[in-house]
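*Asks:* coords please:
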Amino acid sequence: MAALHISLLLLLPLLTLLLFSGRRRKGNAAWKLPPGPNTLPIIGNLHQLGHSRLHQSLWELSKEHGPVMRLKLGHVPAVVVSSAGSAEQVLRTHDLECCSRPRTISNAKVSFGGSDVTFAPYGSHWRDLRKVCVVELFTTKKTTSFRPVREDEVQRTVESIRSRAPNSVVVNLSEELLSLAANITCRTAFGGRCHDGFHRITKECQEILATFFVADYFAMLGWVDVIRGTQARLQDVFLKLDVFCRRLIDDHLDPRRQQSDDGEDTLDALLRLQKDDNNITDAHIKGVLVDIFVAGSDTSASGLEWAMTELMRHPEKLRRARDEVRGCVGRKGKVEESDVHQLAYLKCVVKETLRLHPPAPLLVPRETMEHVKVDGYDVPPKTTIYVNAWAIGRDPNSWERPEAFEPERFMRSSVDTNGQDFKFIPFGEGRRICPAKNVGMATMELALANLLYSFDWDLPDGMKKEDISMDEAPGIAVHRKYPLVLVATKKS
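*Replies:* Presented below is the predicted three-dimensional model:
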């Protein structure tokens, strides 16, 4: 967010001129708008969002102004929702009226003009493509069919760690988990393990989506993005994405291509459907692939990284989860997905991790298509809505001891991710819920179970649990700021 502050300083003279030359739009005087912090002329509240961890900045503001808070971001009206009750009104009661997406410079480009599922505005195209995802790509049957892929990649990771030392080895677990999640994503998406090119393009895509573009908030000042070089960087990332996706498509269309042992991958399915439906274009296929690249590998890796972090900070929880896994699996040698349903406490560990560290702390922003009321406040059309899942997961009105890592709370509760409990929405909810959430949960549970089954985990010499950093790295999916480095000892 440092770029945001620099941009605002550079723009201050121009914005002052606009203040005196432009005319302010007036809203409906009869509306009862949500409360919010005072705004500055032209820039509104942008100066208050300079924190690299935006979800935390918004949470602090909402403590003062309430769970439904109005902001003005340049020319963009926005509302931030930070409680389970208000989230339910947005994601369920007014789901249809609030289920479009705001168009930004970066998401319009990397989604091939809104040809995907994540960033596309609400409409017939989005409904058709969403149906393809729900009915064809991420069904329970399809998720189950990729079980051998997940089990194989998890075992590759375990064997990779085992092979490095006869007994104990220092492991950059963050790196291992990112590689694991990426390989599962690549094999299920396009039938092959990932390589450096995939890692680079995914990282660049995530970075550009998190980049501040002046034109998103001041439409007349898009030339500033040209001067800053952000527009050129966006075009460079887009061209790399386009070439990468085009090569994957061409490879799958090559009649000489050897079929993967993993069965029909996601790209195979999309190309099969394209033959029967002329409305599915190559741009749509590329858009869906980008959705999978950006969200698929990063969310699972982030969840696993934070789960192991929390367990290392709470040794008694680590022992309980480890003992449950080993007691259930015995001497079988590895944990299979068919074993996971017996691991009640481990499942609670994953849920508690997602409560405290949701993969996307701010759900992908929504945009109202009509006037709605939330908590009695008027929200006009074309308002961007931010649902702060991170804040909702730590709301003391919904959770006892909200800052504490207590997997046991889910042993006493039926709260899950199936849309009945809006105090726990790590994958979103409503029409825009993540269609691949079951894939993410299956990956996290299987990988965590095998890590606990196969190794005893300790901190490096001289490090105490109090020394473990909980700092977050900036980004769409929030990872640790510093890699999680642990000592893995083979299970006796």
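*Asks:* Might one say that residue 396 is in contact with residue 402?
*Replies:* Yes - if you go by Cβ atoms under 8 Å, residue 396 and residue 402 touch, sitting 5.2 Å apart. C-beta coordinates here come from the backbone N, C-alpha and C atoms, glycine included.
*Asks:* more crowded one of the two?
*Replies:* residue 402 (18 against 9; other Cβ atoms under 10 Å).
*Asks:* show me the contacts for the more buried one.
*Replies:* Counting by Cβ atoms under 8 Å, 6 or more residues apart in numbering, residue 402 touches 393-396.
*Asks:* The residue nearest the centre of the chain and residue 74, how far apart?
*Replies:* The residue lying closest to the centre of the chain (Cα atoms, centre = their mean) is residue 360, at 3.7 Å. Distance from residue 360 to residue 74, counting by Cβ to Cβ, to the nearest Å: 23 Å.
*Asks:* Residue 70 looks like it's in a helix, true?
*Replies:* No - going by DSSP: H, G, I helix; E, B strand; the rest coil, the assignment for residue 70 is strand, not a helix.
*Asks:* which residues does the spatially closest residue to it that is not a sequence neighbour contact?
*Replies:* Leaving aside its sequence neighbours, residue 70 sits nearest to residue 36 (Cβ to Cβ, 6 or more residues apart in numbering; 3.6 Å). By Cβ under 8 Å, 6+ apart, residue 36 lies in contact with 45, 61, 65, 69-72.
*Asks:* quick one: the residue nearest to the centre of the chain is in a strand?
*Replies:* No - assigned with three-state DSSP, residue 360 falls outside any strand and is coil.
*Asks:* Dihedrals phi and psi, it?
*Replies:* With angles defined as degrees, to the nearest 10, residue 360 sits at phi -120, psi 100.
*Asks:* Pull out the buried members of the contacts of residue 402.
*Replies:* Buried members of these, counted by 16 or more other Cβ atoms under 10 Å: 393-395.
*Asks:* how much space between the residue nearest to residue 70 and residue 375?
*Replies:* To residue 375, residue 36 is 13 Å away according to Cβ to Cβ.
*Asks:* what does residue 78 give?
*Replies:* In this view, residue 78 and residue 375 are 16 Å apart by Cβ to Cβ.
*Asks:* quick one: the helix or strand hosting residue 153 to chain centroid distance?
*Replies:* Following DSSP states H and E, one finds residue 153 within helix 147-162. Helix 147-162 has its C-alpha centroid displaced from the chain centroid by 23 Å (Cα atoms, centre = their mean, to the nearest Å).
*Asks:* Report pLDDT for residue 262.
*Replies:* pLDDT, the model's per-residue confidence, is 78 for residue 262.
*Asks:* what does residue 22 give?
*Replies:* 44.
*Asks:* Correct me if wrong: residue 132 contacts residue 273.
*Replies:* Yes - between residue 132 and residue 273 there is a contact at 6.2 Å, judged by Cβ under 8 Å.
*Asks:* Name the residues that touch stretch 55-75?
*Replies:* Applying Cβ under 8 Å, 6+ apart, the contact partners of stretch 55-75 are 33-37, 39, 42-46, 48-51, 77-83, 85-86, 216-219, 361-362, 374-375, 377, 384, 386, 388, 390-391, 394, 478.
*Asks:* Tell me which of the residues you listed fall in strands.
*Replies:* Of the contacts of stretch 55-75, the ones assigned to strands by DSSP state E are 77-81, 374, 377, 384, 386.
*Asks:* Kindly reformat the residues you listed as CSV containing neighbour count, pLDDT and distance to residue 354.
*Replies:* Converted to CSV, these look like this (neighbours: other Cβ atoms under 10 Å; pLDDT from 0 to 100; distance: Cβ to Cβ, whole Å):
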residue, neighbour count, pLDDT, distance to residue 354
77, 20, 98, 30
78, 23, 98, 25
79, 26, 99, 24
80, 27, 99, 21
81, 31, 99, 18
374, 23, 98, 25
377, 18, 98, 29
384, 19, 98, 25
386, 22, 98, 19
